[in-house]
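Enquirer: Sequence plus predicted model, see below.
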Amino acid sequence: MAYQAPVEDILVALKTVANLPVLAEQGVYEDLDEDTIRAILDEAGKFGADILDPLNRVGDVEGSKFVDGGVITPEGWKSAYDKFCEAGWSALPAPEEFGGQGLPEIVSTAVSEIWNASNLAFGLAPLLTQGAIAALHSRGEEGLKAKYLPKMVSGEWTGTMNLTEPQAGSDLAALQSRAERQNDGSYRIFGTKIFISYGDHDLTDNIVHMVLARLPDAPAGTRGISLFLVPKYLVEEDGSLGARNDVVTAGVEHKMGIHASPTCVLKFGEEDGAVGYLVGEENRGLHIMFIMMNAARLGVGVQGVAVAERASQRALEYAQERTQGRGPNGKSGQMSPIIEHADIRRSLLTMQAKTQAARTICLATALELDMAERAQTEGARARAAARAALLTPVAKAFSTDIGCEVSSMGLQVHGGMGFMEETGAAQHFRDARILPIYEGTNGIQAIDLVTRKLPLEDGKVVADYIAEMRETVEEIRTSNRTEFGLMRLRLSEALDALEEATGYLHGQLQTNPEAALAGAAAYLRLFGLASGGVYLGRQALSAQRTDEAEHAARSIVWARFFAETLAVGAGGYAQSIVSGADALLGVSSVQLTS
């Protein structure tokens, strides 16, 4: 089946989390109204459906190949990338002074979903480049920005992030790559990096690597990490390409999914050292890399939404066409489409509701990132930055978990045919499985949420967020809409559970941090269920005021179903957080192996 961009569903979610007319009036989104966003999404949808989607299966089957020390992408990949850049898509969110369009994060996030839904392996390349652009633009020296950013913004050059080493994955304190100062102000980089997405390819003439390394006199641990820009080819003063840098592609990983995205092993400094240029200050590289990582974490959350959307579309089409058994209203002797069976409808509704809930969380995070830059007062910008920090781990982890769950359910809807590669359902499942792992595992996101984000401003940031969610639930109560069913009650219970777990964990962080960590994963899931359910409720409220009856009905169906069948799990998660720590902490590693 061909991918169709869910423009209306994205727009509904956008309007739910961002009151676009009001923000336009306030000057936050100048000259950006619903019609403009719709036009952008429509064009992106055409590109995704016509150019990227047909290459998705090709890329999965062929994969990127390591040939004669370099990477060759699948047939059609370079042509598609050239068209992507020619259409200006690479420049969409980039700074205007370097040739970008400067569109807000909320628009870039919405468009990014379309690239990743139509072709997840392709969508990784611009995601990483945009992160590298953000880091360089934020902290780079002016001459370095002038030399590299215009061609990165145009898409002529791509960017990567190089953190992971064989002995240093999530624990960057163990990083061993080293940098040596040179008399001309440059550095020489030595070391090996692994799992580098798009670390080498044939799409562009140059690749700009953002590399973490240590100086000889650097402090131990993460305080002693610096960030360097290391190009594949050196760049002359006039902007032309010079000699090949001392960066060697040692191989390409053989992966479960996203086969067309080349995941490389890179060796820096096999000879005299790879020439690198400091970004920011020495020993302050991790702080800058987090600019990339936070952008990438939201981007990966969007990938979770994207693969869930694609899997949902494919499962829905199959359920409408596949006949099996006789439904309640079926005729004797005739098989019914499987969508007539209640359990299949339950699966499809679960898939759609989870996808839309995750979508709203990601867009809400993007909105706060925009407000942190564009709000008119310093106080409003600070509040938005804190809210974005709170939501980022939820957007990444909840949405990527949803991507795995929904793609698995989609495969289940296909039955035995889903296990066969020909239907395409299996690819979504395989592609989705990396998403909870890279850019900080979901376990790390849960730890970040509980230990760093929950205590922000002594708990005020999360308390204000819950209070805002309760305002929506109160609106649902006063609406008196019979089609909302028990939505108000169930969402209120979910927020009660979130508030109880939040208070408990806040206290445990002071007295028993290990117990707080034991509940971290459950807390993140609880947070996603409560906030996703409320956002869908807010969407249902908005939908009842629209003239678009079809999408209004869908919004109400999703919101009620999520509240009454999924958000009800919030109480169980709260119980496991508040009273379940001993069941985990009482078990030793020895007991697990005996």
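Expert: Perfect, thanks for sending it. No experiment lies behind these values; they were computed from the predicted model shown.

Enquirer: contacts and neighbour counts: CA atoms only from here.
Expert: OK.

Enquirer: What are the contacting residues of the lowest-mean-pLDDT helix or strand in the chain?
Expert: In the chain, no helix or strand scores lower on mean pLDDT, DSSP states H and E than helix 20-25, which sits at a mean of 74. With contact meaning Cα atoms under 8 Å, 6 or more residues apart in numbering, helix 20-25 is reached by 29-34.

Enquirer: just how off-centre is it within its chain?
Expert: 26 Å (Cα atoms, centre = their mean, to the nearest Å).

Enquirer: CA-only coordinates of it in CSV, if you can.
Expert: Extracted C-alpha coordinates of helix 20-25, given in CSV (Å, rounded to 0.1, in the frame of the first residue of the first chain):
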residue,chain,number,x,y,z
LEU,A,20,-2.0,28.9,16.4
PRO,A,21,-4.2,32.0,15.8
VAL,A,22,-3.4,33.4,19.3
LEU,A,23,0.3,32.7,19.0
ALA,A,24,0.4,34.4,15.6
GLU,A,25,-1.3,37.4,17.1
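
Enquirer: For the closest residue to Ala530 other than its chain neighbours, what are phi and psi?
Expert: In this structure, Ala530 finds its nearest non-sequential neighbour in Ala494, 5.4 Å apart by Cα to Cα, 6 or more residues apart in numbering. In terms of degrees, to the nearest 10, the main-chain angles of Ala494 are phi -60, psi -40.

Enquirer: what sits against Ala494?
Expert: 529-530, 567-571.

Enquirer: Check it and give its pLDDT.
Expert: Note for Ala494: predicted pLDDT of 98.

Enquirer: what's the answer for Gly45, then?
Expert: pLDDT, read off for Gly45, is 98.

Enquirer: before we move on, what about Gln544?
Expert: pLDDT, read off for Gln544, is 65.

Enquirer: Could you do Asp547 as well?
Expert: The model's pLDDT for Asp547 equals 54.

Enquirer: Just the closest of the contacts of helix 20-25 to Tyr277, please.
Expert: Closest approach to Tyr277 among the contacts of helix 20-25 (Cα to Cα): Tyr29, at 35.3 Å.

Enquirer: Could I get the phi/psi values of that closest one?
Expert: Residue torsions, per degrees, to the nearest 10, at Tyr29 are phi -120, psi 80.

Enquirer: List the contacts of it.
Expert: Per Cα under 8 Å, 6+ apart, neighbours of Tyr29: 20, 23, 104.

Enquirer: Tell me where the stretch 1-150 of the chain has helices.
Expert: In the stretch 1-150 of the chain, helices defined by DSSP state H, counting those that start in this stretch lie at 7-17, 20-25, 34-47, 53-62, 77-86, 105-118, 120-139, 142-154, listed in chain order.

Enquirer: do you know which of the ones you listed lies nearest Gln356?
Expert: helix 7-17 (7.5 Å).

Enquirer: Touching stretch 50-59 from outside, list them.
Expert: Against stretch 50-59 from outside (Cα under 8 Å, 6+ apart): 2-3, 74-77, 80, 115, 118-122, 259-260, 424.

Enquirer: so where is the stretch 401-550 of the chain shaky, pLDDT-wise?
Expert: 544-550 (pLDDT under 70).

Enquirer: Run through the helices of it in chain order.
Expert: With DSSP H, counting those that start in this stretch as the criterion, the stretch 401-550 of the chain has helices at 425-432, 442-448, 460-479, 487-511, 513-518, 520-543, 549-561.

Enquirer: and the fifth one, what other elements does it pack with?
Expert: This points to helix 513-518. helix 487-511, helix 581-585 (3 or more Cα pairs under 8 Å, 6 or more residues apart in numbering; DSSP states H and E).

Enquirer: Same question for the longest one: list its buried residues.
Expert: By 16 or more other Cα atoms under 10 Å, the buried positions in helix 487-511 come out as 487-502, 504-506, 508-509.

Enquirer: between it and helix 549-561, how many degrees?
Expert: 50 degrees (axes from the mean of the first three to the mean of the last three Cα atoms, to 10 degrees).

Enquirer: how big is the angle separating helix 487-511 from helix 520-543?
Expert: Using the same axes, to 10 degrees: helix 487-511 against helix 520-543 is 150 degrees.

Enquirer: and the angle from helix 487-511 to helix 460-479?
Expert: 170 degrees.

Enquirer: looking at it, Gly418 is touching Gln412, isn't it?
Expert: Yes: applying Cα atoms under 8 Å, one finds Gly418 in contact with Gln412, separated by 6.6 Å.

Enquirer: More neighbours: these two, which one.
Expert: Of the pair Gly418 and Gln412, Gly418 is the one with more neighbours under other Cα atoms under 10 Å, namely 21 against 18.

Enquirer: Need the nearest residue in space to the more buried one, chain neighbours excluded.
Expert: Leu411 (4.7 Å).

Enquirer: ok, that neighbour - contacts?
Expert: 315, 418-419, 425-426, 429.

Enquirer: List just the nearest of those to Asp370.
Expert: Looking across the contacts of Leu411 and measuring by Cα to Cα, the closest to Asp370 is Phe429, at 31.9 Å.

Enquirer: ok, now how distant is the closest one from Glu405?
Expert: For Phe429, the distance to Glu405 equals 9 Å [Cα to Cα, to the nearest Å].

Enquirer: So between these two, which is more surrounded?
Expert: The residue with more neighbours, out of Phe429 and Glu405, is Phe429; 25 against 21, by other Cα under 10 Å.
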